[in-house]
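Participant: Next one to model:
(2 chains)
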Amino acid sequence: MNQLRSTPLTDWHRAHGGKMVEFAGYDMPIRYTDGVIVEHKAVREACGIFDVSHMGELEVRGAEARTNVDRLVTNDVSMLEVGQVLYAAMCNPEGGIVDDVLVYCLGEERFMIVCNASNHAKVAAWVEQNLDGDASLHDVTADTALFAVQGPKALDALREWDRTSAHSGTLDALEYYRCAFLDLGGVDVLVSRTGYTGEKGYELYLPTDAGKNLWTELLAAGEAHGLRPIGLGARDTLRLEAGYSLYGQELADDVSPYEAGIGWTVRLKAGDFVGREVLAAQKADGPPRRTVALRLEGRNIPRQHAKVFRGDDVVGEITSGSFSPILECGIGLARIDAAAAGATLAVDVRGKPVEAERVKLPFVPSRVKD
Amino acid sequence: MRPSDRKYTREHEWVLEEGDEVTVGITDYASEELGDIVYLDLPEEGATVTAGESLGSIETVKAVEEIYAPVSGEISEVNAELTDAPEKVNDSPFDDGWLVKIKEASDFVELMSSDEYDGMVNG
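Facilitator: Got it, this is the predicted structure:
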């Protein structure tokens, strides 16, 4: 067993009641003392702060950085402005998803790809091997701490912090999927209006060595607005209510963006990219599988890998399932045969098929643009 | 301090004997480790259970965990309050959060005193 990696906050989490688990090789808090439901509701009602420093940050720099990144992802990087962020899939030549990433345009010749911790090594190797011309890869993960501040009071919490006082105009004006470098009292921080909760929120990329100080300062400043630390457990239930995909569950090397329900990230008309040929054919013919959102009554909770039925036939399985703390019922995403997409479906719950209601995503209304 | 009027299993259940009937629950340690309990799948009254085998399951927000029968016998009562309020197991694991009562109890699994159990979970 290899030694688990830590973030600048690992000791802090442990000292503050964090129940620690191994996640993608990192020692991370799954929850703190009040538990997942309290943390989840705090983010929906006020705000929470997440240590997501385990995420990978890969910069691509050079005169041909833009064309290289554009070729590596399904979405259109060609028009991305400096300070703009884009969600995209990175595909293999077979159209399967290598990872889902955020692409940041930090300068005309400087792009940052933010990848999942679980895919970090794979994505770094894939990018390196596919770079061509004047473009180089710089893995800045170890130098970068990442905090997400999410919830309807997230901006209030940030504005309470004396380090942001000189930037309140910039913060107020920062639109969804935009970012800005701010000098926060001598610390260079990239503030991004992004997140994984379905709430208004921000993500802060900062130097690892400033991580612990800034976390404790911001938490103290935001306390008046209910800011509290949130573990990976609530991060997962929040993203599922918001209808966001997770790699290893909805997304995988042998699942296409169309099948995973993130077909909107594929821009077939915006130039060539890895996987384009297969995806164009799949778009024309229709994907063989689809991802659907299901809601179950009461305490019937769909669980990952549970079978999904149309009548007596197994037509797929649950990719993510949980109890929804807001809806107080079971919710899940399922990958099923495309032919069954219009049918009445049932999910295996504790060995019995339970009828599922097909719903539109998100399960809980999005407030990201509030 | 965990109650000393009852015995404990390695699977983090407690067993309170009253004549040939026993009450079964999970410990505070198990409840804390599991986190928010949102559903309990328990057997029906009259069902027979076998020591060491599954008694049912506990579902938290994220996971499903098996509960094991500490003793063989017949289910004489199920804690009906838990259907609508499974969080009672988290809030009061030794009292209001009891799970089932089993009558004609026999063939107990290996049990520990509260001191021995404290030693196991603290060690």
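Participant: And the helices in the chain?
Facilitator: I went with chain A, as the question did not name one. Counting by DSSP state H, chain A has helices at residues A:10-15, A:36-45, A:65-72, A:120-130, A:154-159, A:168-173, A:211-222, A:232-241, A:257-260, A:276-285.
Participant: Can you look at chain B instead?
Facilitator: B:28-34, B:81-84, B:88-91, B:114-122.
Participant: With mean pLDDT and mean neighbour count as extra columns, can I get those helices in TSV?
Facilitator: Yep, even glycine has a C-beta here, placed from its N, CA and C like the rest. Listed next are the helices of chain B as TSV, based on pLDDT from 0 to 100; neighbours: other C-beta atoms under 10 Å in any protein chain shown:
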stretch	mean pLDDT	mean neighbour count
helix B:28-34	95	18
helix B:81-84	94	14
helix B:88-91	96	18
helix B:114-122	95	14
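Participant: between the helices of chain A, which gets nearest to chain B?
Facilitator: helix A:36-45 (4.7 Å; C-beta to the nearest C-beta).
Participant: Show me what the closest one is packed against.
Facilitator: Applying 3 or more C-beta pairs under 8 Å, 6 or more residues apart in numbering or on different chains; DSSP states H and E, we find helix A:36-45 packed against helix A:232-241.
Participant: tell me which parts of the stretch 151-300 of chain A are close to chain B?
Facilitator: Within the stretch 151-300 of chain A, the positions lying close to chain B (C-beta under 8 Å from any C-beta of the partner chain) are A:G233, A:D236, A:T237, A:R299.
Participant: From those residues, which shows the smallest pLDDT?
Facilitator: Minimum pLDDT for these is recorded at A:R299 (88).
Participant: Give me the nearest residue to it, chain neighbours excluded.
Facilitator: Nearest non-adjacent residue to A:R299, counting by C-beta to C-beta, 6 or more residues apart in numbering or on different chains: B:Y39, 4.2 Å away.
Participant: okay, residue 49: pLDDT?
Facilitator: Going with chain A. With respect to pLDDT, A:I49 has a value of 98.
Participant: The chain in question should be chain B.
Facilitator: 97.
Participant: who's in contact with the residue nearest to A:R66 when sequence neighbours are not counted?
Facilitator: In space, and not counting its chain neighbours, A:R66 is closest to A:V77: 6.1 Å by C-beta to C-beta, 6+ apart. The contact partners of A:V77, by C-beta atoms under 8 Å, 6 or more residues apart in numbering or on different chains, come to A:R66, A:V69, A:D70, A:L86, A:A88, A:V103, A:C105, A:F111.
Participant: neighbour-wise, which of those residues leads?
Facilitator: A:V69 (28 neighbours; other C-beta atoms under 10 Å in any protein chain shown).
Participant: So it is in contact with A:V101, correct?
Facilitator: No: under the criterion of C-beta atoms under 8 Å, A:V69 makes no contact with A:V101, lying 9.5 Å away.
Participant: thinking again about what came up before, now the residue nearest to A:R299, which residues is it bridged with?
Facilitator: B:Y39 has these beta-bridge partners by DSSP bridges: B:E59.
Participant: Columns distance to chain A on top of the helices of chain B, output as JSON lines?
Facilitator: Output for these, formatted as JSON lines (distance: least, C-beta to the nearest C-beta, whole Å):
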{"stretch": "helix B:28-34", "distance to chain A": "8"}
{"stretch": "helix B:81-84", "distance to chain A": "8"}
{"stretch": "helix B:88-91", "distance to chain A": "8"}
{"stretch": "helix B:114-122", "distance to chain A": "15"}
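Participant: Out of those, the one nearest A:F363 is which?
Facilitator: helix B:81-84 (22.4 Å; C-beta to C-beta).
Participant: Per-residue pLDDT of B:K62, please?
Facilitator: B:K62 is given a pLDDT of 84.
Participant: what's near enough to touch it?
Facilitator: When contacts are counted by C-beta under 8 Å, 6+ apart, B:K62 touches A:V36, A:G233, A:D236, A:T237, A:S322, B:G35.
Participant: Closest to A:R267 out of these?
Facilitator: Nearest to A:R267 out of the contacts of B:K62 is A:D236 (C-beta to C-beta; 28.6 Å).
Participant: Near the closest one, how many other residues are there?
Facilitator: Neighbours of A:D236 under the rule other C-beta under 10 Å: 21.
Participant: circling back: hang on, isn't the residue nearest to A:R299 packed against A:R303?
Facilitator: No: using C-beta under 8 Å, B:Y39 makes no contact with A:R303, being 11.1 Å away.
Participant: Now do the shared contacts for those two.
Facilitator: Between them, B:Y39 and A:R303 share no contacting residue under C-beta under 8 Å, 6+ apart.
Participant: quick one: low-confidence parts of the chain?
Facilitator: I went with chain A, as the question did not name one. Flagging of chain A using pLDDT under 70 yields the residue ranges A:1-2.
Participant: Tell me the residue in it that is farthest from the middle.
Facilitator: The centre of chain A is farthest from one residue, A:D312, which by C-alpha atoms, centre = their mean lies 34.9 Å away.
Participant: quick one: contacts for residue 53?
Facilitator: All of this is about chain A. Contacts of A:S53 by C-beta under 8 Å, 6+ apart are A:T7, A:P8, A:L9, A:T144, A:A145, A:L146, A:F147, A:T208, A:G211.
Participant: Sorry, I should have been clearer: chain B.
Facilitator: B:Y68, B:A69.
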